[in-house]
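Trainee: no FASTA, just this:
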């Protein structure tokens, strides 16, 4: 499905925010080819701001590189064309258009459309339910089906990096499980995933590596399995002793680097 070369996303000293309010503070992040990287953290930590900044929707300072290409000053359209595609929180499907029409729009930027129908078949293979809804208006789908459609539409752009912001939010446990399963399968399609997810346990189960974000900074990073076993992460985000609102500041105080965790 993904016909792009394997590209690494590298972010260095990234700062961004809203007006005079700086939210992101010298972010350092890497997403390797065919890797799933999760970002977890409390509400207001800056996770969505990071996604919006990478997408070119907010002014930024620092470096964002995809492979050898510096895209820090690129427009949102150019960033999509380069291979970074985002599915924002809230899905954002075109409700008055059919499922098929939504999928075709996902390939809007592509100059050559000879493989459009085969690509539709490829992405729908991840979500068989969508095939049954091809001629149905997207607005009539359930929340879980709309999330499936939003992800499938993004895949039609043939991304190297797929960014997902809270893909399980508002979904039933069954649909959330399906979405997470598809995310884990994207490795086989050579699509890298940057996953922002409030359900920390689900995110750490599908991810290869993860970062913990607090107040616009990464306070912990490492393999997903090591963070899932870390008692501080358990206490703050995985239902361990202590409430998130209390545990998160403690986690921040005891932060350590990837080298320390390894």
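Mentor: Structure received. Keep in mind the model is a prediction, meaning the values are calculated, not measured.
Trainee: where does the prediction get shaky in the stretch 101-250 of the chain?
Mentor: 109-114, 240-250 (pLDDT under 70).
Trainee: now with 90?
Mentor: Low-confidence segments of the stretch 101-250 of the chain, defined by pLDDT under 90: 106-119, 121-123, 125-129, 143-144, 169-172, 174-175, 178, 187-190, 198, 239-250.
Trainee: ranges for the strands of it?
Mentor: Per DSSP state E, counting those that start in this stretch, the stretch 101-250 of the chain carries strands over the ranges 161-165, 192-196, 209-214, 217-223.
Trainee: export those strands to TSV and tack on distance to residue 83 and mean neighbour count?
Mentor: Every residue, glycine included, has its C-beta placed from N, CA and C. Below are the strands of the stretch 101-250 of the chain laid out as TSV (distance: least, Cβ to Cβ, whole Å; neighbours: other Cβ atoms under 10 Å):
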stretch	distance to residue 83	mean neighbour count
strand 161-165	6	24
strand 192-196	9	24
strand 209-214	20	24
strand 217-223	23	21
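Trainee: turn the ones you listed into TSV, columns for distance to residue 186.
Mentor: TSV is the format used below for the strands of the stretch 101-250 of the chain (distance: least, Cβ to Cβ, whole Å):
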stretch	distance to residue 186
strand 161-165	7
strand 192-196	6
strand 209-214	15
strand 217-223	19
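Trainee: identify whichever of these lies nearest to residue 15.
Mentor: strand 217-223 (10.8 Å; Cβ to Cβ).
Trainee: list the strands paired with that closest one, with their directions.
Mentor: Strand 217-223 pairs in its sheet with strand 209-214 (antiparallel), by DSSP bridges.
Trainee: give me the contacts around the partner strand.
Mentor: With contact meaning Cβ atoms under 8 Å, 6 or more residues apart in numbering, strand 209-214 is reached by 29, 35, 37-42, 45-47, 50, 203-204, 218-224, 227, 233, 236-237, 248-249, 251-252.
Trainee: ok, now with 7 Å
Mentor: By Cβ atoms under 7 Å, 6 or more residues apart in numbering, the surrounding residues in contact with strand 209-214 are 29, 35, 37-42, 45-47, 203-204, 218-224, 227, 233, 248, 251-252.
Trainee: and it with strand 192-196, angle?
Mentor: 30 degrees (axes from the mean of the first three to the mean of the last three Cα atoms, to 10 degrees).
Trainee: wait, which of the strands of the stretch 101-250 of the chain is closest to residue 13?
Mentor: Of the strands of the stretch 101-250 of the chain, the one closest to residue 13 (Cβ to Cβ) turns out to be strand 217-223, at 12.1 Å.
Trainee: tell me which of the strands of the stretch 101-250 of the chain lies nearest to residue 145.
Mentor: Using Cβ to Cβ, the nearest of the strands of the stretch 101-250 of the chain to residue 145 is strand 161-165, at 16.3 Å.
Trainee: coming back round to it: ok, which of the strands of the stretch 101-250 of the chain comes nearest residue 76?
Mentor: Closest to residue 76 of these is strand 161-165 (Cβ to Cβ; 12.1 Å).
Trainee: by contact count, what packs against the closest one?
Mentor: helix 47-54, strand 84-87, strand 192-196 (3 or more Cβ pairs under 7 Å, 6 or more residues apart in numbering; DSSP states H and E).
Trainee: off-centre distance for that strand?
Mentor: Relative to the centre of its chain, strand 161-165 is centred 3 Å away, using Cα atoms, centre = their mean, to the nearest Å.
Trainee: same check, this time on stretch 216-234
Mentor: 18 Å.
Trainee: what does stretch 74-91 give?
Mentor: With Cα atoms, centre = their mean, you get 11 Å for stretch 74-91.
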